[in-house]
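Student: Sequence and predicted structure, then a few things I'm wondering about:
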Amino acid sequence: MTNHYNAIIVGQGIAGTLISYALLSRGQSVYVIDKPQAYAASKAAAGLINPITGRFYTKSWMIDDLLPAAIKMYESLEEMLEMQYWFPGDIYRTLHNVKQCNDWSARLLQAPYQDYAKAATHVGPYSGRVVIGEGVALISGGGRVEVAKLNQAYRAYLLSTDSFSEEIFDYDQLLYNDTQVRYGDVTADYIVFAEGAGVLKNRLFKHLPLRPAKGEAVHIKCEDISEKQDILKHMQYLVPTESSNTFWSGGGFKWQYKTEEPTEEWKEKQTTELTEFIDARYDIVNHLAGVRPCVKDRKPLIGRHPTHSKVYLFNGLGTKGTSLGPYFAEMLAEHILHRGSIIPEVDLNRFTIQ
């Protein structure tokens, strides 16, 4: 017996969750195929949304559009799944020297930054527990998404509606033409690949300049810090989690690595920085690693395959999946269903088949 859906979605990390939900909320039936991978990026992600990033305190690309779209979609998912996943909060950032203080002061005077950049003299709920250096920057409008918790709950919802198959996608079983796609005993009007780093094994998109990047993080427990909303950035982040007195801490990534597993070398470096920074006892309770697909121009890759009309891609969200994902999931859904336009900066066809 053949089962028919509007869409087959391959992958159910944050990208697969968001694009399938964008389609589902438009009345489309979806069939999601995913096998949880040990070092999938969504499992190790902090889920940060940060309006101002980098050593030059740069306003995040398209944040004025991305932020309201993200809040709207996460709140909609919360309503459907009856649980909180989006936690708005300020981001306190320590300034290490006079130049950084001056650079931040300059940002406070620039109109495009005034919704997000604020003056501060302390690190809020972290005061007295960390070393702050020369000064403090306060970034408003940010927050965090409990990515792993959201994905797990959304997967349970898909299972309850017979819309999910836990299996490794077999590309050799996929058949497609200009009318429909078929995978085993499932047919669909179209297919969307949102398999994260798994796309590197996808022959349909081997022409795209996706590169795997590995990140690591730890969960630390500190009984002296009980913050649940606001985030702190020093050499590394302290991001509250759903567990009491427990924080995600990490940042950065590597292009070159020998193993996808967590490494003692990274953990030792992180522990040294945390010990210099936190003026309180803490314990490392978990060590995480994840591999994400990144693009050389640091923009997502979305759109229709250049030669196969029923094949789409939603990938390349990189280190900012929680902020980029909702806006561009909506864009791709409109493109698939109503021929809505995709902005050139993220259209996968900016990279042509050689």
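Tutor: That came through, no problem.
Student: Next, the closest residue to residue 67 other than its chain neighbours: phi, psi?
Tutor: Closest residue to residue 67 apart from its sequence neighbours, by CB to CB, 6 or more residues apart in numbering: residue 141 at 6.2 Å. Every C-beta, even on glycine, is put in place using the N, C-alpha and C of the backbone. Main-chain torsions, residue 141, degrees, to the nearest 10: phi 90, psi 0.
Student: now residue 141: how far from residue 49?
Tutor: Separation of residue 141 from residue 49 (CB to CB, to the nearest Å): 8 Å.
Student: Who has more neighbours out of those two?
Tutor: Set residue 141 next to residue 49 and count neighbours by other CB atoms under 10 Å: residue 49 wins out with 29 against 21.
Student: Could you give the secondary structure assignment for the nearest residue to that one once chain neighbours are set aside?
Tutor: Among residues not flanking residue 49 along the chain, residue 323 sits closest, at 4.4 Å (CB to CB, 6+ apart). For residue 323, the secondary-structure state derived from DSSP: H, G, I helix; E, B strand; the rest coil is helix.
Student: Offset the numbering so it begins at 622, please.
Tutor: Yep, numbering from 622; the last one is residue 944 now.
Student: Verify the contact between residue 944 and residue 687 for me.
Tutor: Yes - look at residue 944 against residue 687 with CB atoms under 8 Å: they come within range, at 5.0 Å.
Student: Those two: who's more crowded?
Tutor: A count of neighbours by other CB under 10 Å puts residue 944 above the other of residue 944 and residue 687, at 25 against 21.
Student: thinking residue 930 is in contact with residue 800, fair?
Tutor: No - contact criterion CB under 8 Å: residue 930 and residue 800 do not qualify, at 9.2 Å.
Student: More neighbours: which of the two?
Tutor: Remark: of residue 930 and residue 800, residue 930 carries more neighbours, 13 against 9, as counted by other CB under 10 Å.
Student: quick one: that one is in a helix?
Tutor: No - going by three-state DSSP, the assignment for residue 930 is coil, not a helix.
Student: Neighbours of the spatially closest residue to it that is not a sequence neighbour, how many?
Tutor: Leaving aside its sequence neighbours, residue 930 sits nearest to residue 799 (CB to CB, 6+ apart; 5.5 Å). Residues lying near residue 799 (other CB under 10 Å) number 7.
Student: pretty sure residue 927 is in contact with residue 970, am I right?
Tutor: Yes - using CB under 8 Å, residue 927 is in contact with residue 970, at 5.5 Å.
Student: Spell out which residues sit in contact with residue 952, please.
Tutor: Residues near residue 952 by CB atoms under 8 Å, 6 or more residues apart in numbering: 923, 961, 963-964, 967.
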